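# Provide a 3D model corresponding to the input given below.
(chains A and B)
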Number of protein chains: 2
Amino acid sequence: MSKLRLSITMSLDGYAAGPDQSEENPLGVGGMELHEWFFPLKAFREMHGEEGGEVNASSAVVEERRADIGATIMGRNMFGPVRGPWPDESWRGWWGEDPPYHHPVFVLTHHPREPLEMQGGTTFRFVSDGIASALSQAKDAARGRDVWLAGGASVVNQYLAARLVDEIDVSIAPLILGAGARLFEGLDRRTLKLGQIRSVDAPGVTHIKYELAR
Amino acid sequence: MSKLRLSITMSLDGYAAGPDQSEENPLGVGGMELHEWFFPLKAFREMHGEEGGEVNASSAVVEERRADIGATIMGRNMFGPVRGPWPDESWRGWWGEDPPYHHPVFVLTHHPREPLEMQGGTTFRFVSDGIASALSQAKDAARGRDVWLAGGASVVNQYLAARLVDEIDVSIAPLILGAGARLFEGLDRRTLKLGQIRSVDAPGVTHIKYELAR
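Okay, the predicted model is just below:
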């Protein structure tokens, strides 16, 4: 069975992005610091066609998260800073012409848009009929592989509340953000049962993986 | 220098207690589940004069947290369910006549009360002139040892906002509470700088320790 696997980084106070997201601050004010554990890694550099970089305890976690993923789901704010109806087709994501997904990416939005075929196997498909539909389309596209739930916080919280997530792998950054997009918000303790699978002590971050009872 | 060391357990969604704390539910609805990693331990049983129990990866963490502590600070809601002025002297804490502290415990409250001397070296002292005063009294009482900041969330958040905490050791329980007393709330990212010291993967819990830049 294809699983929906969440992997995401949050601050110790539970934010997946800082406040005031914009084109200048895709992750909100202070939000870039969340990913400081990731930037020095060889795995990160390779994603951007660069040489070098570190291999440390986070490297195996990054590899594990990418393994067996055939499609991605993200919220519209993770795709870009445009709000409301799409004014034109000019915004093509944060990642340039060859985004680091290399598979179909389903973008949840209230505003329909034609699919956007990028280089390297990534196609952005815009889904405006809800999270269940996006998941069903993503599972079909993944052809037996798993689906990555990438963020942001709002979309993640909706999938968790609907009990559609099978696995959570959360990286906790040594950081207080104080405001922004709060993860694990608006949930009901009676419907979500977690079991800790493992945690990893890595330089400047802790990765904790949970399974969710269905 | 004597340090103020926070150690506390929270849910993945950041709650140190569930909603609706009462004499029947000292940790609020669902809050007892936060400490399920702790109850099976030999260290927990010994605290309550019982034999047996497990030794696992959490045991060394519990020992480390207790080492070199000479006084404790807690909020009034952690001391008991009484709200408003003390009606009488009858409430003597949750822990029976021989509480597991064995040193002076400073209870923050708006309502003055005489010190309460218990068995085994624990004395509860009620401080009604603020968190800085409680810390100063606790450091004096600790005589060069450190001070444990025990909870609850409201008092912890006040000490963090005032930049009086030197160390955070947080246990993250595999649990969504959905409501209750939120830890790390109302803080400012610009004044709190954390460095991760270590994390420990233990059965049913992850312990992460941070130092705070002063």
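# right, and A:V156 touches A:A162 too?
No. A:V156 sits out of contact with A:A162 when judged by Cβ atoms under 8 Å, with a separation of 11.0 Å. Placement of C-beta: from N, CA and C, glycine included.
# quick one: contacts for the closest residue to A:E23 other than its chain neighbours?
The spatially closest residue to A:E23, leaving aside those adjacent along the chain, is A:P81, at 4.4 Å (Cβ to Cβ, 6 or more residues apart in numbering or on different chains). A:P81 makes contact with A:21-23, A:26, A:91, according to Cβ atoms under 8 Å, 6 or more residues apart in numbering or on different chains.
# picking up where we left off before, A:V156 and A:A162: which is more packed in?
The neighbour count for A:V156 versus A:A162, taken as other Cβ atoms under 10 Å in any protein chain shown, is higher for A:V156 (27 against 13).
# quick check: mean pLDDT of the strand or helix carrying the more buried one?
Following DSSP states H and E, one finds A:V156 within helix A:153-161. Confidence over helix A:153-161 (mean pLDDT, whole number) is 97.
# so which strand or helix has the residue nearest the centre of chain A?
Taking Cα atoms, centre = their mean, the centroid of chain A lies closest to A:A150, which sits 1.6 Å from it. Using DSSP H and E, the element containing A:A150 is strand A:146-151.
# so that strand, near chain B or not?
No. On the criterion Cβ under 8 Å from any Cβ of the partner chain, strand A:146-151 is out of touch with chain B, staying 15.6 Å away.
# enumerate the residues of chain A near chain B.
A:12-14, A:18, A:30, A:168, A:170, A:172, A:174-179, A:183-189, A:192, A:194-196, A:198-201, A:204-206, A:208, A:210.
# tell me the secondary structure for A:R65?
helix (DSSP: H, G, I helix; E, B strand; the rest coil).
# and it, how many neighbours?
For A:R65, the neighbour count with other Cβ under 10 Å is 20.
# quick check: closest non-adjacent residue to it.
Beyond its immediate neighbours in the sequence, the residue positioned closest to A:R65 (Cβ to Cβ, 6+ apart) is A:S7, lying 4.5 Å away.
# residue contacts, that neighbour?
A:65, A:148-150, A:168-171.
# now with 10 Å, please.
Neighbouring residues of A:S7 by Cβ atoms under 10 Å, 6 or more residues apart in numbering or on different chains: A:61-62, A:64-66, A:69, A:148-151, A:167-171, A:207, A:209.
# hmm, which of those residues are the buried ones?
Buried positions within those, assessed by neighbour count (16 or more other Cβ atoms under 10 Å in any protein chain shown), are A:61-62, A:64-65, A:69, A:148-151, A:167-171, A:207, A:209.
# farthest pair in those?
A:E64 and A:G151 (17.9 Å; Cβ to Cβ).
# sorry, back to before: out of the contacts of A:P81, who's nearest B:F38?
Distance to B:F38, by Cβ to Cβ, is smallest for A:Q21 among those, at 38.7 Å.
# thinking again about what came up before, tilt between the strand holding A:A150 and helix A:153-161?
130 degrees (axes from the mean of the first three to the mean of the last three Cα atoms, to 10 degrees).
# who does strand A:146-151 pair up with?
Within its sheet, strand A:146-151 is paired with strand A:4-11 (parallel), strand A:69-75 (parallel), according to DSSP bridges.
# give me the angle between the helix ranked longest in chain A and strand A:69-75.
Longest helix in chain A by number of residues, with DSSP state H as the criterion: helix A:131-142. Angular relation of helix A:131-142 and strand A:69-75 on a 0 to 180 degree scale: 150 degrees, by the same axes, to 10 degrees.
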